[in-house]
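Peer 1: no letters, just coordinates:
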């Protein structure tokens with residue numbers, strides 16, 4: 001199971017986590033290795049959406065409502081954005097934009113669950129765990145004018 005995906009700003013944590021995972025399991029399953037390669041390649045290849053079997057992701061720390069928000073976010077097409085309010089509406093929880101924002105802040109699977117595609121109602125990028133500059137860079141990689 002994948003419990004977290006770390007962004008480039010988290011390289012020291014990533015290295016420590018991969019080392020610990022390797023010691024714990026002795027190997028990395030091929031599906032996890034493919035996901036790790038795909039996420040790493042996100043910044044070096046033309047825009048793409050990593051192909052991830054959902055059962056590979058550990059949503060254990062999320063409430064059912066948070067998971068619904070993440071699943072709604074995962075459906076945002078490459079090269080498009082949605083506001084926090086639009087995600088709330090699509091997830092069936094209108095007027096819960098702040099809840100969506102808080103869920104995005106705790107998204108354990110960035111890139112796979114593209115929280116960088118969720119922006120403020122005025123179109124500005126809003127906050128991002130990897131920093132606003134990285135969020136803008138990711139949106140530009142996907143052809144958006146940020």
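Peer 2: On my side now, so go ahead. None of the values given here were measured: they were computed from a predicted structure. Numbers count the residues shown, from 1 in each chain.

Peer 1: and residue 65, what's its pLDDT?
Peer 2: Looking at residue 65, its pLDDT stands at 97.

Peer 1: how about residue 45?
Peer 2: 78.

Peer 1: give me the number of residues near it?
Peer 2: 10 (other C-beta atoms under 10 Å). Using the backbone N, CA and C atoms, a C-beta is placed for each residue, glycine as well.

Peer 1: which residue is nearest the centroid of this protein?
Peer 2: residue 110 (1.8 Å; C-alpha atoms, centre = their mean).

Peer 1: got the contact list for residue 51?
Peer 2: Each residue near residue 51 by C-beta atoms under 8 Å, 6 or more residues apart in numbering is listed here: residue 38.

Peer 1: next one: residue 144
Peer 2: So residue 144 contacts 79, 80, 81 (C-beta under 8 Å, 6+ apart).

Peer 1: distance of it relative to residue 77?
Peer 2: Remark: distance between residue 144 and residue 77 (C-beta to C-beta, to the nearest Å) = 11 Å.

Peer 1: PyMOL command for the buried members of the contacts of residue 144?
Peer 2: The PyMOL selection below is limited to those of the contacts of residue 144 classed as buried (16 or more other C-beta atoms under 10 Å):
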select buried, resi 81
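
Peer 1: ranges for the helices of the protein?
Peer 2: 11-25, 30-41, 64-74, 84-90, 97-105, 132-141 (DSSP state H).

Peer 1: so which of these gets nearest residue 2?
Peer 2: Across the helices of the chain, the minimum distance to residue 2, taken as C-beta to C-beta, is reached by helix 30-41, at 6.1 Å.
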